[in-house]
Each structure stands twice: as C-alpha cells, then as structure tokens.
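1. structure for the following, please:
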Amino acid sequence: MTQQRLGRAVVFLSGSIVGGLALAFLIVFARPGLLRTPPTAATPPPAGGAAAAAAPAVATPSSAAVASYADAVARAAPAVANIYSERLVKERLPPATLGELFGDVSPRYRERIEQTLGSGVVVDLAGHIVTNHHVIDNAERVSVQLADGRQTVARIVGRDPDTDLAVLKVDLGRMAVMPLGRSDQLRVGDVVLAIGNPVGLTQSVTQGIVSGTGRGQLGVATFENFIQTDAPINFGNSGGALVNSNGELVGINTAVLAKSLGVEGIGFAIPVNLVRGVMQEILEHGRVIRGSIGVALAEVDEREARALGLARAGVVITNLIAGSPAVAAGLLPGDIVTGVAGNAVHNQQEALTRIAASKPGDTIALAIVRGNSEIAVSVKVTERRATG
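-> Numbering: from 1, shown residues only. Down below sits the predicted model:
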C-alpha cells in the first residue's frame, strides 16, 4: 500500500513539473520582455558632454598600424626600367677531329649574340636613363623596357668607366621620373630599398639598411665612394635604384661582394651625389672631363717601404706615362706623394680624386718625399683618358 501511494505521489509531482514548465514556456513566448535584464541606474556622464563620455576604441590586431614601405615603392618603382644589352661574342671552338688527323690545327671560332640583363633609372622628363657602364659595355644593341611595359631601343648618350656609370636616352613620350635624394645625408642604419630586374624576374624590390658609406678600393671602378647595404642585390639589379624610405633615389646599385667568399648581405651602390655630377658632365660634354698628370700610383705599407728602400710608407708613384706632364715636371718612380693642390692625401684613391678634380690646363702643386727630402713639384694638368 505504501509503495502505491509513493508511486501516485511521484506521478503527480512529475505531472506538476511538466505542466509548470509548459505554462512558463507559453508565458515567455507571449511576453519575451520578461527575460530582459532590468535597467540599472544611469551613470551621469563626465564633464565635457557626450563626446567626452564616449569610451575610447580598443585597438585590435586587425586595426593596428602595419609598418610598410608600399608608398615609397609606389613613388619610385615606376621610374625603374629593365635594360637588355646584346653583345656579339666570339668563341673559340675545339679543333675538329678530322683536322687533327690531317695536321690541320688552325683555330676555329663561332660568333653568337649574348643578351645580358640590367636595370636603369629614369632621371628626367627628356627620357634620360642612368645605369651602370658594365651593363651596356660592348653592346651592339641596348633595349629599355619601362615599368608600364613600353619598350624601345635606347641611344647611348655617354659613358664613364671610371665610375661605372652611363647615360641612355629613349623617346617614349611621358614617363615617370625618379625623385632624387641626398646621399650625403644618409646615416648608417637608414632603411633602403633596392629596386631592379634581378635574374629576369622583371621588377622586384628588396629591403635592408645602410651598412656603411664612403667604401672604396674594391677594384670595381677607378673612382669609388660606395654606399654599402645589406639590401639583396642580385644579377640583373646592376644599374637599378637604391631608394630611401621616402622613395627618393640615393644610389645606383652596382656590385655585390663575391658570394664565393662565403659572405652574404654586402652590396654596393654609387651615391646619387656622384651620379648627379657624372650625369651633368655627360649631358654637357658627352664624357666626364677629369684632370691627369700621367702617373700610376700604389699604396705601400711600412714593410713594403723597407723592402723597396723607401723613406716611409704612403702613396708611391710606380710608373709614369712617356711624354706626360709628370715626366716633364721631373717626377720619378719611387716618389712618395703626401699632398695634392695643398691637400694632404693618405691613400691612392684620395690622391687620384684630387688630381682628377683639377681642370686640364691648370697647374697643381704636389708635395713629394724623395729619399730624405721633402720637395714641392708643380705639374701641368692634362685631360684624363677613361680606363674603359
């Protein structure tokens, strides 16, 4: 009996619960506002009105500022062109087998067209393009392709092997022009971008920093004053643009230290201040006019100086050109040059640059150490012949 009463109680209780839940569902369905949280007392806004009461927006990863050089690339890249040079190459062929059998060992040659890749920078509205001299050296034909795809054959206006620069001219109507910066304002650590035509990938951009300035004695050119950078410079980048974070040209990409030496991230660019001067000379004269006195110079250290019987280490005259102003002035091999035109010189590059800065027809004074004597020699300057 007790179990029956307990069972009826459970059934009654279960039915009540189910009925109550069903009734609650119907009430909420009819009046959903009953589930809303009752409003709390309004907090008065701070002084300054509704604008001051607005809570600051919380920055999210999607809205955070992203470091980008896209604006610099957009400003500079349209003025960077691809350069395609065609050279006639003569190759020596191995002797023919039948010729060897019959004693004919005369050399045989084959000619072929070799195409090389490079880059260039449009520097004015007249269509002048600056590139490296080695990009167009010995070229039978030079073609230029602009960033917008237009292509034409270029005319070589002038070249300067002593700085490894050349100026081309194209006639393609309106073109984007590269804004020129100031290389003398570069600091080690400044961000730079290299824009060019590496390994035939058309236009490409790499990024790095200025690793050093005033680099010389690399054997790339006679007059060297390179910007060193770790922005990757690859085959085809030569003649392309090195730009700052504002998209202004600061250098012409020229060389990379041999990777066979096991080094990475050491590239070199010609500073734009030097490019300006060379370009102006080429546009005005078709060449760069520099002074020369007809000497070959070399640097010797203390050990080499003792071995050569010289009074001291320094910049030494190793050879003189026959009939040159240096010979006429009485200069001799073994003379040590300590000053040019009143300026002390400490290395070969400095001495050559001082002499080259003189105008043909001028007379300059050289400070010379000969034996145990210091003498002054006046030398008339003539025009220097380019090395290439």
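
2. drop to CA atoms for contacts and neighbour counts, all remaining ones
-> Fine.

3. and the next helix or strand past the lowest-mean-pLDDT helix or strand in the chain?
-> Lowest mean confidence among the helices and strands of the chain (mean pLDDT, DSSP states H and E): helix 49-53, at a mean of 44. With elements assigned by DSSP states H and E, the helix or strand that comes after helix 49-53 is helix 70-76.

4. list the buried residues in that following helix.
-> 72-73, 75-76 (16 or more other Cα atoms under 10 Å).

5. for it, which outside residues touch it?
-> Residues outside helix 70-76 that contact it (Cα atoms under 8 Å, 6 or more residues apart in numbering): 178-179, 205, 243-249.

6. follow-up on the earlier one: residue 255: which of the buried residues of helix 70-76 is nearest?
-> residue 76 (20.6 Å; Cα to Cα).

7. report the buried residues of stretch 145-165.
-> Quick answer for stretch 145-165 (16+ other Cα under 10 Å): 145-147, 151, 153-165.

8. sorry, back to before: and the two most separated of the buried residues of helix 70-76?
-> Top of the distance list for those (Cα to Cα): 72 and 76, 6.2 Å.

9. would JSON lines of the contacts of helix 70-76 with neighbour count and distance to residue 233 be doable?
-> Formatted as JSON lines, those follow (neighbours: other Cα atoms under 10 Å; distance: Cα to Cα, whole Å):
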{"residue": "178", "neighbour count": "23", "distance to residue 233": "19"}
{"residue": "179", "neighbour count": "17", "distance to residue 233": "21"}
{"residue": "205", "neighbour count": "18", "distance to residue 233": "10"}
{"residue": "243", "neighbour count": "29", "distance to residue 233": "13"}
{"residue": "244", "neighbour count": "26", "distance to residue 233": "15"}
{"residue": "245", "neighbour count": "17", "distance to residue 233": "17"}
{"residue": "246", "neighbour count": "16", "distance to residue 233": "20"}
{"residue": "247", "neighbour count": "24", "distance to residue 233": "17"}
{"residue": "248", "neighbour count": "23", "distance to residue 233": "18"}
{"residue": "249", "neighbour count": "27", "distance to residue 233": "16"}
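
10. what two of these are the furthest from one another?
-> 179 and 205 (17.0 Å).

11. wait, doesn't residue 147 sit right on residue 196?
-> No: counting by Cα atoms under 8 Å, residue 147 does not reach residue 196; the two are 10.2 Å apart.
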